[in-house]
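> pasting the sequence and the predicted coordinates here, then a few questions.
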Amino acid sequence: MALERTLSIIKPDAVAKNVIGQIYARFEAAGLKIVAAKMKQLSRAEAEGFYAVHSARPFFKALVEFMISGPVMIQALEGENAVLKHRDLMGATNPKEAAAGTIRADFADSIDANAVHGSDAVDTAKNEIAYFFSAIEVNSRA
Ligand code: UDP
């Protein structure tokens, strides 16, 4: 197993539902440590930049609108196999397909408003963490 970091975003719908603490508790119970965190109202440019890889997709405009509809809670998580472990906790992109007990099954309303983001690979995670946090804002807790 490898010590990894991954980027988590609690999206505006879940922040509005006031479940940040419940989601954090799931990270901690799974052995993931929060090594950086900030609440932020994303600008349109910041949301477009973050999701640039999806810019040609039909849902891009709606996704950006949703991501700027309220503040998000952004954190870097550290732990063994953090990327996959976090994806498992999140559940499938579409909450209707998400396994019982996952964050999206419990807190997401739709594929558009699906509560959380998580990096999909170690390399992506590096870039996504650097998008929101400078090196000195990330604290190793290994
Ligand atoms: N998304 C959407 N409609 C779709 C597919 C994706 O609104 O048909 C949004 C959704 O918020 C998702 C994000 O775009 O979380 C990024 O999509 P991706 O396939 O990378 O899913 P994820 O990695 O977030 O599970």
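Nice, I can see it. Numbers count the residues shown, from 1 in each chain.

> next, residue 27: phi, psi?
phi -60, psi -50 (degrees, to the nearest 10).

> could you find the closest non-adjacent residue to it?
Nearest residue to residue 27, sequence neighbours excluded (Cβ to Cβ, 6 or more residues apart in numbering): residue 77, at 5.9 Å. For glycine as for every other residue, the C-beta is placed from the backbone atoms N, C-alpha and C.

> again, but for residue 34
Of all residues not flanking residue 34 in the chain, residue 75 sits nearest, at 5.1 Å (Cβ to Cβ, 6+ apart).

> checking the one you found next. Helix, strand or coil?
Assigned with DSSP: H, G, I helix; E, B strand; the rest coil, residue 75 falls in the strand class.

> kindly state the beta-bridge partners for it.
Bridge pairing for residue 75 (DSSP bridges) gives the partners residue 8, residue 37.

> wait, it sits on residue 8?
Yes - with contact defined as Cβ atoms under 8 Å, residue 75 counts as touching residue 8 (4.9 Å).

> more neighbours: which of the two?
Between residue 75 and residue 8, counted using other Cβ atoms under 10 Å, the more crowded position is residue 8 (27 against 24).

> my guess is the more buried one contacts residue 74, does it?
Yes - under the criterion of Cβ under 8 Å, residue 8 makes contact with residue 74 at 7.4 Å.

> any idea of the mean pLDDT in stretch 25-32?
Averaging the model's pLDDT scores along stretch 25-32 yields 98.

> quick revisit: surely the residue nearest to residue 27 is in contact with residue 28?
No - judged on Cβ under 8 Å, residue 77 makes no contact with residue 28 at a distance of 9.7 Å.

> neighbour count: the two, which is higher?
The neighbour comparison of residue 77 against residue 28 (other Cβ under 10 Å) goes to residue 77, with 29 against 12.

> can you map out the strands along the protein?
Remark: strands assigned in the chain by DSSP state E are 3-10, 33-40, 72-80, 116-118.

> remind me what the third one packs against, helices and strands.
Going back to what we said before, that points to strand 72-80. Counting contacts by 3 or more Cβ pairs under 8 Å, 6 or more residues apart in numbering; DSSP states H and E, strand 72-80 is packed against strand 3-10, helix 12-16, strand 33-40.
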